[in-house]
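J.: Have a look; sequence and predicted model below, questions after that.
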Amino acid sequence: MRHTWRWFGPKDRVSIDDMLQAGVQGVVTALHHVPTGTVWSPGEIARRQAELALMADGAPSGLKWEVVESLPVSEAIKTQTGDWRAHVENWITSMRNLKDAGIEVICYNFMPVLDWTRTDLAWRRPNGARCMRFDFTDFAAFDIHILQRKGAAEDFPEEVRDEAARRFAQMDEARREELAGNVVFGLPGAAEHFTLQDVRALLDSYAPVTDAVLRRHFHDFLEQVVPVAQEIGVRLCCHPDDPPFGLLGLPRVMSTEADYAERMAAVDLPANGITLCSGSLGARPDNDLPGMMERLGDRVHFLHLRNVRRDSDAIRGSFFEDEHLGGQTDMVALVAAVLREEARRREAGRADAVIPMRPDHGQDILDDIGRGGQPGYPAIGRLKGLAELRGVELALSHGART
C-alpha cells in the first residue's frame, strides 16, 4: 500500500513537517477554497503543489499531491437543476487540469446535501481520548425537534422518537446549538458551511429526487466523466455514503456492495472505480469489508482504513470511531485482502499495483486534545493508526515465521 495522509492546506493545524515525521509517502488534498461547480485552474493546482513541496525551514519535503479528495460534485449535478451541465463540463476540465499536473487518482462522492454526518465531534472515551460519534437518537432529536423537517418523525421507530423527545427536553440551548452545528458541519475545510435554513432549502430541492432518480442522475454523470477519465489516464473512485443508511429523507446510492457493483456496471470501464472506506461501510453490520475487497478489488483505486464500533446490529444505528485495530471490522483480514489484490495486479503487470491508502480519521490523544485541528484528523491519533496499519502490512508481507 502507498501510505498517504489527508491535508487541508496551509490552515491545517497538522503541518508538512508533522506529515514527514509520521512517515507519510504522499499527500491527499483538495482545493477546498474553490467554490463547488467552478474550474480548478492550473494555477491553483500548481500553488497547492508548491505548498506541499517545502518544510517549515524551507528544505524540500519530497512530498507530492498524489490523490485528490475531493473534487466536489455539486448539488445541481445531483438534482440536475440549474447550471448542472456547465458544472459537469467544469468538473471534466478540472480533471484534465489535474492530470496535466501529474495527479491521476480522484476521490469524490455523490451524497446529497451533507458529505458526512456526526452528532458528536469530540466524544470522550473512558481513557480520555476523543473521537467522532453518530448517535441515532440524538440525530432523531435534531431532525424532529431542531430542524423540524416535515415528516421526520415517521422516519424513526416509536421507541427512538420517544427517547429523542426526552433527550431534547433535557438539552439546554448550548447543547441544542452544538448538536445542530455538529450535524451540519459538512466536509472539513469545505468552502460551504451550512446553516439550518440552508439545509432546509437543500432538502426542498431534493423533494422530486427519489432513490431511482438519484441513481439515474449518478449514471448520467458517470457516462459523461468516465470515458474522459479512461482516455486521459485518470482513476475515479467514489466514496461511500457516511453513514451508509438513509437520513433526512434523502436517497442513498453508495451504501452497500450491491450499490458499488451497480455503479461500476453502469459505465464498465477500469477508470470507474471506488474508494473502499472501511469506516463508512463498517457502520452497517451487513457490509463484509474483507469480502468486498476480494470481490471488488479490481476497481479499488483508493483505501480509507479506519474502524467503527456499532452500538447494535441494526442497519441504522449508533456508532463511534474506534481505534484503527479496534472496532468490528477485521482490519488484519482486510489488509491481507488488499495485499492479495496488489499481488494479482503485479502479476498482471498493472501500473496501479500499489493502492494508495490513508489512515482515515483517528482519535484525539495526547497533544491532539486542545490543538483545534479538523475533527477526525488529529496528528498523533492518525500517526498511531498509520503505525499500526504499517505493522500489520509488514507482518503479513513477511509471511509465517518459525
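T.: The structure has been received and is ready for your questions.

J.: From here on, just use CA atoms for contacts and neighbour counts.
T.: OK.

J.: Strands of the stretch 201-350 of the chain, start to end?
T.: Here the stretch 201-350 of the chain has its strands, by DSSP state E, counting those that start in this stretch, at 235-238, 272-277, 300-305, 307-310, 319-322.

J.: Nearest to Thr137, out of those?
T.: Between Thr137 and those, the shortest gap by Cα to Cα is with strand 319-322, which sits at 11.2 Å.

J.: which residues are contacting that closest one?
T.: Residues outside strand 319-322 that contact it (Cα atoms under 8 Å, 6 or more residues apart in numbering) are 131-135, 279, 283, 306-311, 327, 362-363.

J.: Low-confidence ranges, the stretch 101-250 of the chain, go.
T.: 186-193 (pLDDT under 70).

J.: ranges for the helices of it?
T.: Along the stretch 101-250 of the chain, the stretches classed as helices by DSSP state H, counting those that start in this stretch are 136-141, 158-170, 173-183, 196-205, 211-232.

J.: which one of those helices is the most hemmed in?
T.: Most buried of those, by mean neighbour count (mean count of other Cα atoms under 10 Å): helix 136-141, with a mean of 24.

J.: From the chain's centroid, how far away is that one?
T.: Distance of helix 136-141 from its chain centroid, counting by Cα atoms, centre = their mean, to the nearest Å, is 22 Å.

J.: when you give positions from now on, start the count at 756
T.: Yep, numbering from 756; the last one is helix 891-896 now.

J.: Packing partners of that helix?
T.: For helix 891-896, the packing partners by 3 or more Cα pairs under 8 Å, 6 or more residues apart in numbering; DSSP states H and E come out as helix 913-925.

J.: these two touch, right, Cys764 and His788?
T.: One thing to correct before we go on: residue 764 is Gly, not Cys. No. If you go by Cα atoms under 8 Å, Gly764 and His788 don't touch, sitting 9.5 Å apart.

J.: Looking at these two, which is more packed in?
T.: It is Gly764, of Gly764 and His788, that has more neighbours when counted by other Cα atoms under 10 Å, with 19 against 13.

J.: dump the residue contacts of the more buried one.
T.: Contacts for Gly764 (Cα under 8 Å, 6+ apart) come out as 784-786, 803, 806.

J.: 6 Å instead?
T.: Residues near Gly764 by Cα atoms under 6 Å, 6 or more residues apart in numbering: none.

J.: that's a strand at it, yeah?
T.: No. When the secondary structure is assigned by DSSP: H, G, I helix; E, B strand; the rest coil, Gly764 falls in coil instead of a strand.

J.: Quick check: Leu1151 vs Val1093, distance?
T.: Distance, Leu1151 to Val1093, by Cα to Cα, to the nearest Å: 11 Å.

J.: For these two, indicate the residue with more neighbours.
T.: Comparing Leu1151 with Val1093 by neighbour count (other Cα under 10 Å), the higher total belongs to Val1093, at 22 against 15.

J.: Could you measure from the residue nearest to that one when sequence neighbours are not counted over to Arg1007?
T.: Leaving aside its sequence neighbours, Val1093 sits nearest to Met1048 (Cα to Cα, 6 or more residues apart in numbering; 6.6 Å). Per Cα to Cα, Met1048 is found 21 Å from Arg1007.

J.: Over to Leu1036?
T.: 13 Å.

J.: what's the answer for Ile1135, then?
T.: Look at Ile1135 and Arg1007: by Cα to Cα, they are 33 Å apart.

J.: for Met887, same thing?
T.: Separation of Met887 from Arg1007 (Cα to Cα): 21 Å.

J.: Equivalent analysis for Arg922, please.
T.: For Arg922, the distance to Arg1007 - Cα to Cα - is 27 Å.

J.: Check Thr784 too.
T.: Computed as Cα to Cα, the Thr784 to Arg1007 distance reads 25 Å.

J.: try Asn864
T.: For Asn864, the distance to Arg1007 (Cα to Cα) stands at 11 Å.

J.: higher neighbour count, the two?
T.: Set side by side, Asn864 and Arg1007 show more neighbours around Arg1007, with 24 against 21, by other Cα under 10 Å.

J.: residues contacting that one?
T.: When contacts are counted by Cα under 6 Å, 6+ apart, Arg1007 touches Gly1001.

J.: What's the per-residue pLDDT of it here?
T.: At Arg1007, the predicted lDDT confidence score is 94.

J.: try the one 3 residues further on
T.: With respect to pLDDT, Ser1010 scores 97.

J.: right, and it touches Asp996 too?
T.: Yes. With contacts counted by Cα atoms under 6 Å, Ser1010 reaches Asp996, the gap being 5.4 Å.
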